[in-house]
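Asker: Provided below for reference: sequence and predicted model.
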Amino acid sequence: MKNLVIIPTYNELDNIRPMIDKVFSLPEKFDLLIIDDGSPDGTANIVKEQQKVHPDSLHLIERSGKLGLGTAYLTGFRWALDHGYDYVFEMDCDFSHNPDDLVRLSEAAVKGADLVIGSRYVTGVNVVNWPMKRVLMSYYASAYVRLVTGMPVRDATAGFVCYSADLLRKIDMEAIQMKGYGFQVEMKYTAWKLGARIQEVPIIFTERTQGASKMSGGIFREAFFGVMKLRFRSVHPKQNA
């Protein structure tokens, strides 16, 4: 099975090299696709240096500016399908997601899940170093998504996930509208409406220690109001999927 981990980056100079080293040290093989949105700190240059060490496993797409988390992942999904990957993972670069858990997500996918979610809330609240205000906002955001959409997912905003290529081929990516963190909700909702087999695997989420968070009020507002629109949107499989 061919596994691809997609990591969007913007100013992740402190984290990118340790992340690359860690992923390639795992007992299971994962290729990496870094999608860098014009980081002025030279993140992409580090990736290019590391490509000399991992020429067949480390890939880079450079974009001209901050075009949004959602568009980065959609770009990565299309690239993964074009290059024949079987499972495609989303993960942050800041080590808030433990790369060791990639193996656990992969195991759940191989056993039959179409969408595997690294979940902070499926067994309680497993978050480290977040202020209580942010924990409550995130936890109740997922509760809000369940209430509005009826989707039975405990961590709807999770950004540590694995999609099977078969599922991605069924999703009409041109119809995905949200660009920020609401993208995570929209993708899960679309998968659920298409009848995907969804499994939540408990993880421990740890707030970044290097670099700056990308969360903003605008991102939160897009997700809040976008979820209300989801309830009234028809979801159909992509033609010729």
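Answerer: Received it, and whenever you're ready, just let me know what you need. Residues are numbered from 1 along each chain as shown.

Asker: Quick check: which ranges of this structure have low pLDDT?
Answerer: Within the chain, the stretches with pLDDT under 70 are 208-223, 241.

Asker: Show me what the residue nearest the centre of it bridges to in the sheet.
Answerer: Closest residue to the average C-alpha location of the chain: residue 90 at 3.1 Å, with Cα atoms, centre = their mean. On the basis of DSSP bridges, residue 90 takes part in beta bridges with residue 6, residue 161.

Asker: Next up, the contacts around it.
Answerer: Contact partners of residue 90, counting by Cβ atoms under 8 Å, 6 or more residues apart in numbering, are 5, 6, 73, 159, 160, 161, 162, 163. Where C-beta positions appear, they are placed from N, C-alpha and C, glycine not excepted.

Asker: what's the neighbour count on the third one?
Answerer: I take that to be residue 73. When neighbours are defined as other Cβ atoms under 10 Å, residue 73 has 25 of them.

Asker: Is it located within a helix, as I assumed?
Answerer: Yes: counting by DSSP: H, G, I helix; E, B strand; the rest coil, residue 73 is found in a helix.

Asker: Quick check, it in contact with residue 5.
Answerer: No: counting by Cβ atoms under 8 Å, residue 73 stays clear of residue 5, with 11.6 Å between them.

Asker: So which elements touch the longest helix anywhere in the chain?
Answerer: In the chain, with assignment by DSSP state H, the single longest helix is helix 132-149. Helix 132-149 sits against helix 182-193, helix 217-230, with contacts defined as 3 or more Cβ pairs under 8 Å, 6 or more residues apart in numbering; DSSP states H and E.

Asker: Mean neighbour count and distance to residue 31 for these - can I get that in CSV?
Answerer: Output for the helices and strands packed on helix 132-149, formatted as CSV (neighbours: other Cβ atoms under 10 Å; distance: least, Cβ to Cβ, whole Å):
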stretch, mean neighbour count, distance to residue 31
helix 182-193, 23, 21
helix 217-230, 15, 28
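
Asker: can you list those helices in a markdown table and add distance to residue 153?
Answerer: Below are those laid out as a markdown table (distance: least, Cβ to Cβ, whole Å):
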| stretch | distance to residue 153 |
| --- | --- |
| helix 182-193 | 6 |
| helix 217-230 | 12 |
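
Asker: Ok, which of those comes nearest residue 11?
Answerer: Comparing the helices and strands packed on helix 132-149 against residue 11 with Cβ to Cβ, the closest turns out to be helix 217-230 (16.3 Å).

Asker: Alright, I will stop here.
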